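In: below are the sequence and a predicted model for it; my questions follow.
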Protein chains: 4
Amino acid sequence: MSGVFGIYSNKNKDVSRIIYYGLYALQHRGQDSAGIAINNNGYIDYHKDLGLAQEVFNNDELNRLRGNIGIGHIRQSKVEENTIANAEPLVVGYKKGALALACDGALINFNELRGRMEDGGIIFQTFTDTEIIANLIAKYHEDDIEQAIIRGVKDIKGSYALVAMTNDRLIGIRDPYGMKPLCIGKLGESYVLSSETCALDTIGGKFIRDVEPGEMVEIVDGKLKSINTKEPQDKRICLFEIIYFARPDSKLDGKSIYLIRREAGRNLAKECPQDGDIVISAPDSGTVAAIGYAEESGIPYDEGLIKNRYVGRTFIKPTQELREQGVRIKLNVLKENIEGKRIILVDDSIVRGTTMKRTVSMLKEAGAKEVHVRISAPPVIHGCNLGINTSRGDNLIAKGKTIDEIKEIIGADSLCFLSLTGLLEATGGEDIYCTGCFKGEYPF
Amino acid sequence: MSGVFGIYSNKNKDVSRIIYYGLYALQHRGQDSAGIAINNNGYIDYHKDLGLAQEVFNNDELNRLRGNIGIGHIRQSKVEENTIANAEPLVVGYKKGALALACDGALINFNELRGRMEDGGIIFQTFTDTEIIANLIAKYHEDDIEQAIIRGVKDIKGSYALVAMTNDRLIGIRDPYGMKPLCIGKLGESYVLSSETCALDTIGGKFIRDVEPGEMVEIVDGKLKSINTKEPQDKRICLFEIIYFARPDSKLDGKSIYLIRREAGRNLAKECPQDGDIVISAPDSGTVAAIGYAEESGIPYDEGLIKNRYVGRTFIKPTQELREQGVRIKLNVLKENIEGKRIILVDDSIVRGTTMKRTVSMLKEAGAKEVHVRISAPPVIHGCNLGINTSRGDNLIAKGKTIDEIKEIIGADSLCFLSLTGLLEATGGEDIYCTGCFKGEYPF
Amino acid sequence: MSGVFGIYSNKNKDVSRIIYYGLYALQHRGQDSAGIAINNNGYIDYHKDLGLAQEVFNNDELNRLRGNIGIGHIRQSKVEENTIANAEPLVVGYKKGALALACDGALINFNELRGRMEDGGIIFQTFTDTEIIANLIAKYHEDDIEQAIIRGVKDIKGSYALVAMTNDRLIGIRDPYGMKPLCIGKLGESYVLSSETCALDTIGGKFIRDVEPGEMVEIVDGKLKSINTKEPQDKRICLFEIIYFARPDSKLDGKSIYLIRREAGRNLAKECPQDGDIVISAPDSGTVAAIGYAEESGIPYDEGLIKNRYVGRTFIKPTQELREQGVRIKLNVLKENIEGKRIILVDDSIVRGTTMKRTVSMLKEAGAKEVHVRISAPPVIHGCNLGINTSRGDNLIAKGKTIDEIKEIIGADSLCFLSLTGLLEATGGEDIYCTGCFKGEYPF
Amino acid sequence: MSGVFGIYSNKNKDVSRIIYYGLYALQHRGQDSAGIAINNNGYIDYHKDLGLAQEVFNNDELNRLRGNIGIGHIRQSKVEENTIANAEPLVVGYKKGALALACDGALINFNELRGRMEDGGIIFQTFTDTEIIANLIAKYHEDDIEQAIIRGVKDIKGSYALVAMTNDRLIGIRDPYGMKPLCIGKLGESYVLSSETCALDTIGGKFIRDVEPGEMVEIVDGKLKSINTKEPQDKRICLFEIIYFARPDSKLDGKSIYLIRREAGRNLAKECPQDGDIVISAPDSGTVAAIGYAEESGIPYDEGLIKNRYVGRTFIKPTQELREQGVRIKLNVLKENIEGKRIILVDDSIVRGTTMKRTVSMLKEAGAKEVHVRISAPPVIHGCNLGINTSRGDNLIAKGKTIDEIKEIIGADSLCFLSLTGLLEATGGEDIYCTGCFKGEYPF
């Protein structure tokens, strides 16, 4: 998962700070690296490094990066790919000049495309999808940049929200199924592109509309232009954006993430009623659904687990030895509020199940009489390379297991999942989501 | 406000990491500086700097700081005193050898004591209370260290929880009124002192008991000894520890902070009932009381404001210009959940009122039909130098104003404060708290 | 100018420190960036950044970079190209796996090659020759790596000393004219490649021999193999290596740089005799020649200018304003030793002339009676892109000017250059040097 | 050893950069820590840390430190005292307000004074002489600052050059014997104090005069005032300033360090003639004397050892293992220039002898036929705590040994020291130097 942001300013010559606050608002989409590229009178300069946006940038760097067009990126990496080389934006020179790219997405034909390119003698300096895309664009350099991008992404199978910058324009493009989010906003006269609307709120901007699936938008000479890539398909927005990825104060496809999640919690209460003393959430992912569950069930919403939030790149993780000695960094139980109670624990999803198992065990040790786990999404049973990066699905706790078996593994007294119908109903009922990880049917 | 932590280990020769995690758990008590001092076979080494514990320490520093006794400190500063010189622990050499001190407290006779010392030719390298205390201890160096501390603190007027280390012992002492918290725990065979119990949970330790008001405890040769300073007074625990400072998962004087705050929220609902659509909190300080209010009133608990939590020392604050352009860093409104609704906004207290005014205004702009502010503590009308550092109280919004006037200033549709009786009742009703900021009666 | 270093160890699994000290010994060849790439069981990891080797690497980085084969690079940049992207080694993935390259050289057909590649749809992430070379190697990936390199460099016009590493071998190759230096050494059983022999001395290694012009050497399975690229030409070693670039304690093509420079100084005394009180050098470049001049002339060698040597990447250069106020950072005059004296000032060369002009002026201000400038090389009158990077030569002080005119510009009382014959005679008289910048005849 | 610098500016409100360049010019006097304190309208702010001046300060820090009076300090530490706490300037608050002190010196009654102060209940936060002095000044706070300093330093036995700053004045004072250097300069209308004159040259300033032994100078309201402390004694300038500490381009007590050292070299040639092929120096300390020796003897001056100068605080020193494997960081031999030759190796002094032994051995290994060591100072046979910090002298190679025995230890073919008469004659023959380390007679 990643976050992308772009801005085209007619007047403001110093957009790097706006991008910085935009990335800060998207920080939940990735904490592994951050970067900003700025067009300064035709020359593209950039800075990127491992860490949070605030760890990567200081005043000196932001002062150096001056210009009127810029893009930014924050990234969540697989551990083994968390190197500075993979940080974005990717800035390259090619036949037509400088090009900067920032991408949130996942190519499922990465190996095939890279293999084919390597056969053609191409070298790679990163392990990112974005370098593949840059090569595809450069391949079609005889076309103008818009056509080159359109032709380039035709070779791609996968989800993507791509923000591109040349020395005179800002471009955004969303995959044909709209799996990854990308929206358009304005800040005064400046145009803004962002993975989520919450970044528009943070910078004091105004939401205009989502980029449509398969649509390319371009800001040049201060004007926004929509370019039909002739590629739109039925919308297949990644349901995990709704369930987990997006910030609750963002809107996606015109819908409030918060309201959907709360409605899912309400539906969960209807589908999976349970007697209990309090409804608590697995912080922070389950909070909104827990609030909905509490409201619908009439059982009070309460807190049972306190999360320590002071964690950055430089935090020193406890050694195995210290963990075994009982050092618990992230979560602490509110023992006094748990002891002797029947707990309804709500979370948004279970993927591998290890965290949930640990959480249930903490509650039991703290004296919970019963722990009833309620999940505001169906069991994840199919591997996915487009959104949640579970590959072949071998680590999915729900794959090939009955609900009862999962319940035993996590140590809960009962376990119940919201049905897919119940989840979709919470979104408003339109058939616009990818349900691959639940049903196994992917766009590709 | 500050956080203190100390550990005496018989076996474990590497206590610096335990202190690091202890400080991490106390990080909510101060984000301005952090430090650790370690006794390594009679030589006290230390490291301290501005920033969060995780920003100040890296593996190299923790590896360097080896030893079996150690103390740590995290600090919240007044802006003008936020310098590295004021970071603690303070490590000094005096007649009896090395002495390290970490203090959470506020001396109200600081100026008098420092003035008298300066008259005596003493120099100061910091602006901390702790340097005053170190000088007092050194003054009585002919006594043994325990007596020197006891005699030293007799000269002090103020609140304090002090952790001290020499080359062979760890000492903790709490002011005669117990205004500041300090507790004792064990981690295996090691003894631990901590401002709050949540740090004991984090390191996997066990709560033993609070240090009593006026009690000195000493760990030497692996054994804990209590020393009667003949000074205990009636307990006067700072109520703001209960209301705001302490982490909800801590226990203070045997009582769960969480349960008190929730009960205060319930009492608030009883005393200040209000028709409304949802109960929301000013995150994060008002959350527990809001949950209590919702439960008692039957109006659903919900969220209206989303807080961005990725903030560290290196975060670049928006310029005045950007703030005026609408850049909003910390909070975003859940517009879709606020629009057209009658909001009951619960917070734990109002001190200066500026944040509350901004919050109400954000809710109104987002379309809230009504905003009813409910505060789970009485109006703060007296300046305090012992806990909340409001000096003469000139900036207190409630000082000399009627509730109605305050309501007008913050722009709320209604405003109601929990009575002192209602607050104390939530704590269990014992007369053990300082209520100075509400009633003007201080221990000194 | 750059410095390259490589090592293949059979036993020692931790070669990164050896490379670090190797780069430290080559630091005079470039202070702008440093980097090390290490092969760790088939996976190539690396670290590089702007600054001196000691500024770029800390213990943590060296500990992370573990493996038995490694290469390093230090780089002098044109100001505008001094970015982290241009730091080397360049590590790429291509059809055959991972490849790391470190190059000291200058391609004169860079623009042509890059243009042709861009036409072919290739993207570039740096402005280095090395990325061009990597693309050439990848183009011939169907050959084995040795042939791919040989075919790749055939397309190149320019000087280069290239060190390459795959997951199982270390390769070195020197351009057909041997313009850039590269030598082979041993450290115990390990093979070492280095720009200069002084790095072999520093790591405690043994000089074996120079890589021959046009020769490729390969260390694989612990054995050194020489591969004939069928390309050797008449040797055309860059004379500026002899005059200025190389460290005096290095040997190049079997000859001591120090002895050549001193002999040039002696010849200079013969060709350009001058009565004077003392012979001084422009530190540090003119020192060896000044010693030779003094010896031959019988006029005592002395010091007139003291150089402050504490300069690193983080040094804050004086502003224009401070420079105008007289802040002089690098050099100070030994006024007492200069006043009233007839000074013979020896330097190794004059390129742009600005430094020499300032030096003469400092000596005059300090009261020198006469300043006679003696240069141990001929006037540089032709631009060069292979070694000293003077491009079209527009800034060369000697281009199109008489000796007398130059003398006037720099403010000297007399000026005399060593003849090319005199310089070559100092080297031993073999016809193995490129004299392009003096005579305008380049290998290309 | 340390370096001190101070400036009082009437107009220039930004003196921190001037101090920075001043410290840079004094960097040879200490590489362990650096610091600057600035008076900004009565408030003294400062920054100090371990490392070279250029490592400690960046633009942000220099921009923060704004004001019209300032002092700076660079420090050479004993290894065990090289902590940030000991970095200077020391900034303290005392009865009269803020006071900043920077001191180059050595108190021989440190233990006695500190012991007495500790008896009086005083605490210490550093191990510096300067903290002792600050306490002495504060003790006499009822006097005005000038008298307090004068009375304070009366209690001191030792060498010192002290620079002090209050919120409105800059003060300099030199010990009664003038053991440590301190001079006065002007930069435009600003007054400057500096350990050495070379710093005046660097900032573009003008030398006025030395501070006299026992003299206090004060700059207040833009005017320089000399205050008679009634304490001057016979001058006893530390001869090691002449021999080794000071930069050759400095003048001390009106005499050029360079000219004295060269004359000492000449005298050495007269007293210790030796047939040989070349005269070389142990870089860089012996260079000036070697030049003098060469001139007098008629044997050519040449180079035999090349020094790598790129060393800063972050340089990673080779492990014992690597040193044993032959890694040689600092020096390399010019084998081609040494082989088969009779070498006259000149150095300025021998203290512990370990470096000289290693150097001779390197030359022998490189094939030197003979190595004749010539030292331009007498044997150091008495421990000193005032200048060269050799304490009780236990490590002095010359203590209790004949010249022949020393020769054997260092492995030279012959060894000869300049006589004290010869050395003093080189200085001009005045009886103004402390010769304690040679003769055992100290001022105290």
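Out: Sure thing, it's come through. Numbering: from 1, shown residues only, chains lettered A, B, ... in the order given.

In: and residue A:19, that one's in a helix?
Out: Yes: inclusion of residue A:19 in a helix is indicated when DSSP: H, G, I helix; E, B strand; the rest coil is applied.

In: that one: neighbouring residues, count only.
Out: Counted by other C-beta atoms under 10 Å in any protein chain shown, the residues lying close to residue A:19 total 28. C-beta: built from backbone N, CA, C; applies to glycine.

In: show the contacting residues for it.
Out: The contact partners of residue A:19, taken as C-beta atoms under 8 Å, 6 or more residues apart in numbering or on different chains, are A:5-7, A:36, A:38, A:70-72.

In: make JSON lines from the residues you listed and add pLDDT, secondary structure and neighbour count to it.
Out: As requested, the contacts of residue A:19 are arranged in JSON lines below (pLDDT from 0 to 100; DSSP: H, G, I helix; E, B strand; the rest coil; neighbours: other C-beta atoms under 10 Å in any protein chain shown):
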{"residue": "A:5", "pLDDT": "98", "secondary structure": "strand", "neighbour count": "29"}
{"residue": "A:6", "pLDDT": "98", "secondary structure": "strand", "neighbour count": "30"}
{"residue": "A:7", "pLDDT": "97", "secondary structure": "strand", "neighbour count": "29"}
{"residue": "A:36", "pLDDT": "98", "secondary structure": "strand", "neighbour count": "30"}
{"residue": "A:38", "pLDDT": "96", "secondary structure": "strand", "neighbour count": "27"}
{"residue": "A:70", "pLDDT": "97", "secondary structure": "strand", "neighbour count": "33"}
{"residue": "A:71", "pLDDT": "98", "secondary structure": "strand", "neighbour count": "33"}
{"residue": "A:72", "pLDDT": "98", "secondary structure": "strand", "neighbour count": "35"}
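
In: now for these, which pair is the farthest apart?
Out: Longest distance between any two of the contacts of residue A:19 is 12.3 Å, between A:5 and A:38; criterion C-beta to C-beta.

In: thinking again about what came up before, near chain D, which of the contacts of residue A:19 show up?
Out: When contact is defined as C-beta under 8 Å from any C-beta of the partner chain, the contacts of residue A:19 do not meet chain D at all.

In: in the stretch 151-300 of chain A, what residue comes closest to chain B?
Out: The minimum distance from the stretch 151-300 of chain A to chain B, using C-beta to the nearest C-beta, falls at residue A:204 (2.1 Å).

In: could I get the pLDDT score of that residue?
Out: Note on residue A:204: pLDDT of 94.

In: what number of residues lie near residue A:429?
Out: Neighbours around residue A:429, by other C-beta under 10 Å: 9.

In: secondary structure class of it, three-state.
Out: Three-state secondary structure (criterion: three-state DSSP) places residue A:429 in coil.

In: any idea how far residue D:73 is from it?
Out: 74 Å (C-beta to C-beta, to the nearest Å).

In: mind listing what the residue nearest to residue A:19 when sequence neighbours are not counted touches?
Out: Nearest non-adjacent residue to residue A:19, counting by C-beta to C-beta, 6 or more residues apart in numbering or on different chains: residue A:72, 4.1 Å away. Residue A:72 makes contact with A:4-6, A:19-20, A:22-23, A:34-37, A:53, A:89, A:102 under the criterion C-beta under 8 Å, 6+ apart.

In: about what we covered before: same list (the contacts of residue A:19) but as a markdown table, adding distance to residue D:14.
Out: Compiled in a markdown table, the contacts of residue A:19 are given as follows (distance: C-beta to C-beta, whole Å):
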| residue | distance to residue D:14 |
| --- | --- |
| A:5 | 38 |
| A:6 | 39 |
| A:7 | 35 |
| A:36 | 31 |
| A:38 | 30 |
| A:70 | 33 |
| A:71 | 37 |
| A:72 | 35 |
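
In: of these, closest to residue B:403?
Out: residue A:5 (44.1 Å).

In: my guess is the closest one meets residue A:26, correct?
Out: Yes: between residue A:5 and residue A:26 there is a contact under C-beta atoms under 8 Å: 6.4 Å.
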